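Student: Got a sequence here, can you build the structure:
(2 chains)
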Number of protein chains: 2
Amino acid sequence: MNKKLKLGLFGFGVVGQGLYDVLHKTKGINAEVVRICVKQHGKERPIPMQYFTFEKNDILNDDSLHVVAEMIDNADEAFEIVSTALKKGKGVVSASKKMIAEHFEELHELQLKHNAPFLYEASACGSIPVIRNLEEYYDNDLLESFEGICNGTTNYILTKTAEENLSYADALHQAQQLGFAESNPKLDVEGYDAKYKLTILLGHTFGLFVKPEQIFNFGIQNLSVADSTYAREKGFRIKLIAHTYRTDNKVVAYVIPKFIKPHGLFFDVRNEFNAVQLGAAFSDKQFFMGKGAGAHPTGSAVLSDISALSYNYRYEYKKVAQNGKVPFSNDHDLTLYVRYEDDATLDELGVHSITQRYWSPDLKYVIGKVNISKLLAANLNDRKDIFVAKVEE
Amino acid sequence: MNKKLKLGLFGFGVVGQGLYDVLHKTKGINAEVVRICVKQHGKERPIPMQYFTFEKNDILNDDSLHVVAEMIDNADEAFEIVSTALKKGKGVVSASKKMIAEHFEELHELQLKHNAPFLYEASACGSIPVIRNLEEYYDNDLLESFEGICNGTTNYILTKTAEENLSYADALHQAQQLGFAESNPKLDVEGYDAKYKLTILLGHTFGLFVKPEQIFNFGIQNLSVADSTYAREKGFRIKLIAHTYRTDNKVVAYVIPKFIKPHGLFFDVRNEFNAVQLGAAFSDKQFFMGKGAGAHPTGSAVLSDISALSYNYRYEYKKVAQNGKVPFSNDHDLTLYVRYEDDATLDELGVHSITQRYWSPDLKYVIGKVNISKLLAANLNDRKDIFVAKVEE
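Tutor: Numbers count the residues shown, from 1 in each chain, chains lettered A, B, ... in the order given. I've put the predicted structure just below:
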């Protein structure tokens, strides 16, 4: 029925080590870790040294190893390992969202050309099996939209600013002390991590390969006490949401903070949890929630992929193959809350159809429409004088 | 890649008709409805009469039809159709939870013997792809527990009793008028519908085939204003929950009302929505929510199964095949709120380890432990003088 898989591991951090432990504990998966490639010499390891190598080709060139599980930090090295393994026809499992997002189309082609399966559930929304569901379940259901809280770090920070009235800086500091945020938090807080995940999900939602730099992302780093107060007074919570949906015969995709109303499904997604909401023509809204950041959710997803490989599962990318594809576009207006300092900003962003305007010595904002292409061009993440958030309509 | 499927339909009610419409509208699924078997002669049909037949063998004996989609009400007739189709090696899709629950092991054997795939996602939790997820994703993750709000009718009634202070009888009446409850609501309100679904899910969660009559179910039909008031005062909401989990080297399963605390994931599942919470060793809690009752969620799930068949998908029942199976048992104590009239009831149920006892002329209840086997033996659904609900510990 299923074959015994022999695995080569790259990386032996928390996830790699957890994976090794679980595979030796559970009976359900017919797989064994045979070789582990690490970088650091001389480090004490909890398992016998004969498992380890410092030479990647000891795994890549070993034909007895069917599957490579890549769990390292460096995106360039990860791509080198993954692409080489696929070229050799090995099955590959990876959690490297940045690497996959940046080389998505090429990795898709490598899978086809070398008939090698590549699974990466752990790269998307923590422990939520979103890619598997998009692949297997929604292909037929006239899928209309994906929205997700895809980054546990920012959701933790936003929960603290909302529930404990912390400033963004204090909440970030707390998250860093608890290990929920990196010392350089840029990738998380500016929405890049969420965007890499969205790039991957776009392939499985609408069958489109889009370069990350074509997708607008704006994070929560400029969130001010005034913005939090505005949300609280209106009864909203702010969440960083990755969106993609079909509209006017095109597909749009972007990452932006959003005001969520009390009965919205994302309202109660707290702390480091991730959540996904899929809109489909016949089943209406589907909602999934599970732990985001952390070694265990990642390990669980990696484990699931390894098990799936042992049953010869592979992504079929059915939507890529389907005809009548709707193209990606940034020419679409969003209704936004725009807090700004200089009036010229409104012109620069082309804010139009303004329905609300507030001015005081401490705070200026408008509610109006902005085209995604203008947002992308304005490099908002590099500025300190602006905060934008999507308004639910 | 995938073959063109020719379908024979049994039943042309709302779901059957919706299915026909969708298959003619969507490009994603390579399937066509060729023949439809109905019972009622002389009824006007929205599509040409040449599609219809009144003779089931016109479909069952037609070797050019690869797949049978069974969507009729009568469980005995449904079993006859499904088992005959499987014996002829046809793929089968069904939404008949009662029929599947009652013949689950036999249907499993028929699939193996005749190498015929049988999919029934629509039988479980409305539009939530729970079977597919249990099959494909959680097989490896040391799955520990399933809890679900699996019945939209009772959840609608419970939402009205909680939020609008309606009595059970008034809420039921309203649900009936809106078409959310049958004129004979017994199957829904006494927890039988949820139990049939649980029986099926037990096979995919822990690989066990258990007869429905071995599984305890108690519904919401005896819910009194005093019970609702008790819940409201404590800040709880009452939900009808289907449970199965591993404990002390056995698997237990039962359907019972439960008091949900404000931060519980089920707390905000309102109206006709269904929800599922899976507990796993490494990913912690996974939460899924989607529309329960209704033609569209059912149609969406049936459609998904048809699409899956066109890609040769089938359930692998991996947990059934796995060794070291933990047996099903009813010998397990639950901590319950027990409202009663006659003191003898407490003896009969063997209530022990009582931690709270309340007595007034209008209301008597205790909080204590009761063994599931005692609950099953007491035939609680046939009595009017008792209400039990699980207390979260």
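Student: Using the three-state scheme, assign A:Glu144.
Tutor: strand (DSSP: H, G, I helix; E, B strand; the rest coil).
Student: Just give the number of residues close to it.
Tutor: 16 (other C-beta atoms under 10 Å in any protein chain shown). Glycine gets a C-beta too; all of them are placed from N, C-alpha and C.
Student: Same check on A:Ala281?
Tutor: Quick note: A:Ala281 (other C-beta under 10 Å) scores 14 neighbours.
Student: show me where the stretch 101-250 of chain A has helices.
Tutor: Counting by DSSP state H, counting those that start in this stretch, one finds helices in the stretch 101-250 of chain A at the ranges A:104-114, A:130-136, A:152-163, A:168-177, A:186-189, A:192-206, A:225-234.
Student: Quick check: which helices or strands does the fifth one pack against?
Tutor: Of the remaining helices and strands, those touching helix A:186-189 by 3 or more C-beta pairs under 8 Å, 6 or more residues apart in numbering or on different chains; DSSP states H and E are helix A:152-163.
Student: and the helices of the stretch 101-250 of chain A, which is most packed in?
Tutor: helix A:192-206 (a mean of 25; mean count of other C-beta atoms under 10 Å in any protein chain shown).
Student: same for that helix, what does it pack against?
Tutor: Packed on helix A:192-206, when contacts are counted by 3+ C-beta pairs under 8 Å, 6+ apart, are helix A:97-102, helix A:104-114, helix A:130-136, strand A:143-149, strand A:216-217, strand A:237-247, strand A:250-260, helix A:318-321.
Student: Now with 7 Å, please.
Tutor: On a contact count with 3 or more C-beta pairs under 7 Å, 6 or more residues apart in numbering or on different chains; DSSP states H and E, helix A:192-206 meets helix A:97-102, helix A:104-114, helix A:130-136, strand A:143-149, strand A:216-217, strand A:237-247, strand A:250-260.
Student: which residues touch the fifth one?
Tutor: For strand A:216-217, the external contacting residues (C-beta atoms under 7 Å, 6 or more residues apart in numbering or on different chains) are A:190-192, A:194-195, A:254-255, A:330, A:372, A:375-376.
Student: okay, now the domains of chain A?
Tutor: What automatic domain parsing lists as the domains of chain A is A:5-119, A:132-295+A:325-391.
Student: now those domains as a markdown table including distance to B:Leu208 and mean pLDDT?
Tutor: Shown next, in a markdown table, are the domains of chain A (distance: least, C-beta to C-beta, whole Å; pLDDT from 0 to 100):
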| stretch | distance to B:Leu208 | mean pLDDT |
| --- | --- | --- |
| domain A:5-119 | 15 | 92 |
| domain A:132-295+A:325-391 | 24 | 93 |
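Student: Rebuild those domains as TSV, extending it with distance to B:Lys186.
Tutor: As requested, the domains of chain A are exported to TSV (distance: least, C-beta to C-beta, whole Å):
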stretch	distance to B:Lys186
domain A:5-119	39
domain A:132-295+A:325-391	28
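Student: can you tell me which two in the contacts of strand A:216-217 are farthest apart?
Tutor: A:Glu190 and A:Asn330 (18.3 Å; C-beta to C-beta).
Student: Could you check which of the two has the larger neighbour count?
Tutor: A:Glu190 (22 against 19).
Student: neighbours of the residue of the stretch 101-250 of chain A found nearest chain B, just the number please.
Tutor: Using C-beta to the nearest C-beta, the single residue of the stretch 101-250 of chain A nearest to chain B is A:Ser127, 3.5 Å away. Using other C-beta under 10 Å, the number of residues around A:Ser127 comes to 30.
Student: you'd agree it is up against B:Phe287?
Tutor: No: assessed by C-beta atoms under 7 Å, A:Ser127 is found out of contact with B:Phe287, at 10.6 Å.
Student: residues shared between the contacts of these two?
Tutor: Joint contacts of A:Ser127 and B:Phe287 (C-beta under 7 Å, 6+ apart) are A:Gly290.
Student: Could I get the contacting residues of A:Leu208?
Tutor: With C-beta under 7 Å, 6+ apart, A:Leu208 has these contacts: A:202, A:251, A:328.
Student: For my notes, please list these in CSV and give distance to A:Ile238 for each entry.
Tutor: Converted to CSV, the contacts of A:Leu208 look like this (distance: C-beta to C-beta, whole Å):
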residue, distance to A:Ile238
A:Leu202, 24
A:Val251, 25
A:Phe328, 27
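Student: ok, those residues vs A:Arg237, which is closest?
Tutor: Closest to A:Arg237, out of all of those and judged by C-beta to C-beta, is A:Leu202, at 25.7 Å.
Student: Pretty sure the closest one sits against A:Thr244.
Tutor: Yes: the criterion here is C-beta under 7 Å, and A:Leu202 meets it with A:Thr244 at 5.5 Å.
Student: which neighbours do these two share?
Tutor: Common neighbours of A:Leu202 and A:Thr244 (C-beta under 7 Å, 6+ apart) are A:Ala253.
Student: Can you give the distance of stretch A:352-360 from its chain's centre?
Tutor: 33 Å (C-alpha atoms, centre = their mean, to the nearest Å).
Student: Roughly how far does A:Glu392 sit from A:Ile367?
Tutor: 12 Å (C-beta to C-beta, to the nearest Å).
Student: Settle it for me: which of these two has more neighbours?
Tutor: Legend: neighbour count by other C-beta under 10 Å for A:Glu392 and A:Ile367, higher for A:Ile367 (17 against 10).
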